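1. sequence and predicted structure are below.
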Amino acid sequence: MIYNNLTAKIMIKKIVLIPLMVLWGLALQSQNLIISGRIMESDSVSSLPGANVVLFSLPDSLLVKGIVSSSNGFFELNNIKSGNYVLKISYLGYQEWSRKVVIREKPINFGRIIMQPNAQMLEAVKIEAIQTRVKIKGDTTEVNADAFKVNPDASAEDLVKKMPGVTTSNGQLKVNGEEVKKVLVDGKEFFGEDPTASLRNLPAEVVGSVQFYDKMSDQAEFTGFNDGDEQKTINILTKDGKNQGFFGNVYGGIGYPSVYNTGGALNFFNGEQRISIIGMSNNINQQNFSISDIMGLMSNAGVRPGPGGGGRSFVNNFFSGYQNGITQTNAFGLNYMDIWGKKWDVNASYFFNQTNNSNENQIVRNYFSDITPQYSEQSNSETNNINHRFNARLQYKINDKNKFTLTPRLTVQVNDYSATSRSFSINMLFADTVNDLNIGSWQKNSGFTFDNDILFQHKFAKKGRTISLNFNTQLQQSNGEGAYQSITKYFDSVSDSSLVNQDYTSNQNNSTWGGTLSYTEPFGKNSQLMAKLQTSVTNNFSEKLLFNLSDMPNPGMDSNLSNELDYEYYRNIGAIGYRFYKKGLSVT
């Protein structure tokens, strides 16, 4: 009987526990259901990471769970109870995706869910802010070009002149009173070393910003130590997208009587390759792209160079500043910049300049005395000048520690000059001529100057330790001839006259060969030790022969006005020094 009762109890427990266990398993299964899928773009290839996936319950629309898709677009919602839901997926720029979900006993996998782009147009949003004009970055001042208004055809020079601290004086551009020595475009030289040509031939519309700073010397940049030898520099940063394609301008105009001015500039920018062509022709005294392009031989070519010679140097004889009178100018310029391969950095420019200058002067002076004399003078002169100038800088970067730089420069000039003048004095009391002077002269000169620097630089592993070798060559030659004639007549009790009739020839040849070996060694944070060996040889020959043709019947050379000089100059220098530089203080 006991046994039967025990068996009955066990059977009752099983009958009760089995349904409970089944219900418990169903409950566990109902709370571990999964909704998953992968979110894709409309091309069915690219996934959408970071999409918002949200599940809402029905019918009350309460938020149940939300996640974002993975980097591959996958999502998975875990532990979802059986029931009715709405699954919504959203992504910026795409239409919202929505589906009703009925989940009971099995997980649901939607597979690929394709999101369609949202083509709805949004209203324009206008954002206004105060424009920043100037930024200070260490020792560099950067000015925003868009903050200054210029005409549509303005040049970079017109733009820069509007910026604070920029002035011009006698054709020279200055920043805070310091003359600008270099103009760079995106960190590279543009039209050689002529700042004015660089600015005048770059349109203002391509300028994004302008940097003003003191550029260290090439040697200082190489060694990493500021030696205090700095040049005021302008660096023009072009706008994004403006360093590709063609741009330029053409201008022209005519006036009465018979005056004209025409010219233009064309730029071709293709990344690192930049080609610029400029030209001009006028008779309104716009004499060139810059004063340095006008080089004449207005003075006598026979000079006495060297220490204590008292004469102007050969190079100065080839320079002529702004000429008075009426000048007709024809000029052409070409600039080329490029990077060849990964090693060569090339920058070259060529200028041609031809000017014809006519000058007329008339002077009348009245003197109030007993005889009330009057002095009158009238003069005419004409100068024709032709100038060719070539500059190049070719830098070969062997590796991070070694580089080679070649810098050739060539200038060729031809100049013709002629002048006549007449001056006389009149006794106004008796209306008599006191004296009469007539002068005529002409000169023809030609010459060339060639310079070439070959520089090799090497950096050691230790910062600031460098060695460099520079070899320089300079050749100069000029030839000239001319004549001078004057006749002076005196009208007094006995009429008299004097005659001066002279011819001259001149020539000059200069050559300099030299080399410099430099070594630098860092010494602390702000100082450096230097050693230098320099040697050069200069050979100079100059000759001027003047002949007095008025010494008739035996014309001959005038030894008092003729000279000949031939000399050699040797220079050898060895130097060692210590240099300290910190915050503008330089001690050597």
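-> On my side now, so go ahead.
2. residue 277 in helix, strand or coil?
-> Classification of residue 277 using DSSP: H, G, I helix; E, B strand; the rest coil returns strand.
3. from memory it sits against residue 249, does it?
-> No: using C-beta atoms under 8 Å, residue 277 is not in contact with residue 249, being 11.9 Å away. Any C-beta I mention is one placed from the backbone N, CA and C, and that applies to glycine too.
4. average pLDDT for stretch 66-82?
-> Computed over stretch 66-82, the mean pLDDT rounds to 87.
5. quick check: neighbours shared by residue 277 and residue 249?
-> Common neighbours of residue 277 and residue 249, counting by C-beta atoms under 8 Å, 6 or more residues apart in numbering, are residue 265.
6. so where do the helices sit in this structure?
-> Secondary structure of the chain by DSSP state H: the helices cover 2-30, 156-161, 195-200, 218-223, 314-317.
7. can you report how many residues neighbour residue 561?
-> Using other C-beta atoms under 10 Å, the number of residues around residue 561 comes to 14.
8. neighbours of the nearest residue to residue 417 once chain neighbours are set aside, how many?
-> Nearest residue to residue 417 in three dimensions, chain neighbours excluded: residue 443, at 4.4 Å (C-beta to C-beta, 6 or more residues apart in numbering). Using other C-beta under 10 Å, residue 443 is surrounded by 22 other residues.
9. I'd say residue 443 and residue 480 touch.
-> Yes: applying C-beta under 8 Å, one finds residue 443 in contact with residue 480, separated by 6.5 Å.
10. list the contacts of residue 286.
-> Shown in contact with residue 286 (C-beta under 8 Å, 6+ apart): 261, 280, 329.
11. repeat the analysis, applying 10 Å as the threshold.
-> Counting by C-beta atoms under 10 Å, 6 or more residues apart in numbering, residue 286 touches 261, 263, 280, 327, 329, 331.
12. between those residues, which has the most around it?
-> The most neighbours of any of the contacts of residue 286, using other C-beta under 10 Å, belong to residue 329, which has 24 neighbours.
13. beta partners of that one?
-> Beta-bridge pairing of residue 329 under DSSP bridges involves residue 282, residue 355.
14. look at residue 467 and report its pLDDT.
-> pLDDT, residue 467: 93.
15. what is the burial count for it?
-> Counted with other C-beta under 10 Å, the neighbours of residue 467 add up to 15.
16. surely it meets residue 516?
-> No: counting by C-beta atoms under 10 Å, residue 467 does not reach residue 516; the two are 11.4 Å apart.
17. just give the nearest non-adjacent residue to the spatially most central residue of the chain, would you?
-> In the chain, the C-alpha nearest the mean C-alpha coordinate belongs to residue 184, at 1.8 Å (C-alpha atoms, centre = their mean). Setting aside the residues directly before and after it, residue 184 is nearest to residue 235 in space (C-beta to C-beta, 6+ apart), at 4.4 Å.
18. what about that neighbour, distance to residue 135?
-> Distance of residue 235 to residue 135, given as C-beta to C-beta, to the nearest Å: 13 Å.
19. have a look at these two and say which one is more surrounded.
-> Between residue 235 and residue 135, counted using other C-beta under 10 Å, residue 235 has the larger neighbour count: 19 against 12.
20. do you know how far the more buried one is from residue 206?
-> For residue 235, the distance to residue 206 - C-beta to C-beta - is 14 Å.
21. any common contacting residues for those two?
-> Common contacts of residue 235 and residue 206, defined by C-beta under 10 Å, 6+ apart, comprise residue 185.
22. my guess is residue 361 meets residue 376, correct?
-> No: using C-beta under 10 Å, residue 361 is not in contact with residue 376, being 11.5 Å away.
23. any shared contact partners between those two?
-> Residues touching both residue 361 and residue 376 (C-beta under 10 Å, 6+ apart): none.
24. strands of the stretch 351-500 of the chain, start to end?
-> Counting by DSSP state E, counting those that start in this stretch, one finds strands in the stretch 351-500 of the chain at the ranges 373-397, 402-427, 432-459, 466-490, 496-522.
25. got TSV for those strands, with distance to residue 85 too?
-> Below are the strands of the stretch 351-500 of the chain laid out as TSV (distance: least, C-beta to C-beta, whole Å):
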stretch	distance to residue 85
strand 373-397	66
strand 402-427	70
strand 432-459	69
strand 466-490	74
strand 496-522	72
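26. residues contacting residue 487?
-> So residue 487 contacts 422, 436, 437, 438, 439, 440, 497, 498, 499, 500, 501, 550 (C-beta under 10 Å, 6+ apart).
27. does the first one touch residue 361 like I think?
-> In other words, residue 422. No: applying C-beta under 10 Å, one finds residue 422 not in contact with residue 361, separated by 11.4 Å.
28. those two - which one has more neighbours?
-> Of the pair residue 422 and residue 361, residue 422 is the one with more neighbours under other C-beta under 10 Å, namely 15 against 12.
29. got the confidence number for residue 240?
-> For residue 240, pLDDT reads 71.
30. and it, how far from residue 558?
-> Plainly put, residue 240 is 69 Å away from residue 558 if you go by C-beta to C-beta.
31. more crowded one of those two?
-> residue 558 (14 against 8).
32. where's the more buried one relative to residue 499, distance?
-> 14 Å.
33. hang on, the earlier thing: got any residues that touch both of residue 235 and residue 135?
-> Common contact partners of residue 235 and residue 135 (C-beta under 10 Å, 6+ apart): 142, 209, 211.
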